[in-house]
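Novice: turn this into a model:
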Amino acid sequence: MLNRVYNKSLSIKCPFFRRRAADTIDSTTLILRFLISRHKSLLPGSLISTTLPTPPGSIPANTAIPKTPHLPLSKIASTIQADWENNNYYITGRLTPSIYSSSCRFDGPDPDMPVVGLRKYLSATSNLFDHSQSLASLTSITHSPATSTITVTWALEGVIMLPWRPRVHPYTGKTVYHVGESGLVERHEEEWDISVLEAFGKTLFNVEGKGGR
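Specialist: Here you go, the predicted structure:
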């Protein structure tokens, strides 16, 4: 039932209200997990063995897409590079889900982060920017077998899908992809080369922020 409600929430047009709805549904699921695991005596006998529910944001939208764990790090890096160069994935949300854990944690300076769950992240990303007026370009990519990480530097600019169409002024940043014991990307950590205040001041109010980098 929660999954059906979650699917309906994805049709909310405003990206910020859509994200709030998704967070609320995931939080409700976590509360249910707690109740089921700690207070099974409150449940009817037929439900005592109920499997603990999974937050819908961590359930693959398309369960027919298999995961491909334990690929060579260089292969994962080349897949990420292709998603940047061919799919503009920071703008479109079109990445290769088979190399990511469904419960991947996406973190960064944005106050709306962290986001836990590949499905939730893709929903937020794919509808945040006007695809025709936005671009995120890869400027470098390296990988480190010693730390099982892939590091990308990038530049981004575009228009956010809000009624007044605020423009994201060009800025640069870095994203580190952490491959975990599962053999999949389990953490996606973003850094910006400008302050949060500067980024949001320019975007929402077209003013210069203070504090800089």
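
Novice: now do whatever helix or strand residue 85 lives in, average pLDDT.
Specialist: In this assignment (DSSP states H and E), residue 85 forms part of helix 73-87. Taken as a whole, helix 73-87 carries a mean pLDDT of 97.

Novice: can you list contacts of it?
Specialist: Contacting residues not belonging to helix 73-87 are listed as 71, 89-90, 94-96, 99, 136-138, 141-145, 148, 150, 152, 154, 177, 179, 185 [Cβ atoms under 8 Å, 6 or more residues apart in numbering]. In short, each C-beta sits where N, CA and C put it, glycine included.

Novice: from these, which ones fall inside strands?
Specialist: Using DSSP state E, the members of the contacts of helix 73-87 that fall in strands are 136-138, 141-144, 150, 152, 154, 177, 179, 185.

Novice: how does the chain divide into domains?
Specialist: What the record gives for the chain is the domain set 1-59, 62-213, from automatic domain parsing.

Novice: would you single out the least confident of the ones you listed?
Specialist: Ranked on mean pLDDT, the bottom entry among these is domain 1-59, at a mean of 59.

Novice: show me what counts as buried in stretch 76-89.
Specialist: Neighbour counts using 16 or more other Cβ atoms under 10 Å place 76-77, 79-80, 83-84, 88-89 of stretch 76-89 among the buried residues.

Novice: this structure: helices as residue ranges?
Specialist: 2-9, 15-38, 73-87, 89-92, 118-126, 196-200 (DSSP state H).

Novice: out of the contacts of helix 73-87, which are buried?
Specialist: A residue is treated as buried here by neighbour count (16+ other Cβ under 10 Å); on that basis the buried members of those are 71, 89-90, 94-96, 99, 136, 138, 141, 143, 148, 150, 152, 154, 177, 179, 185.
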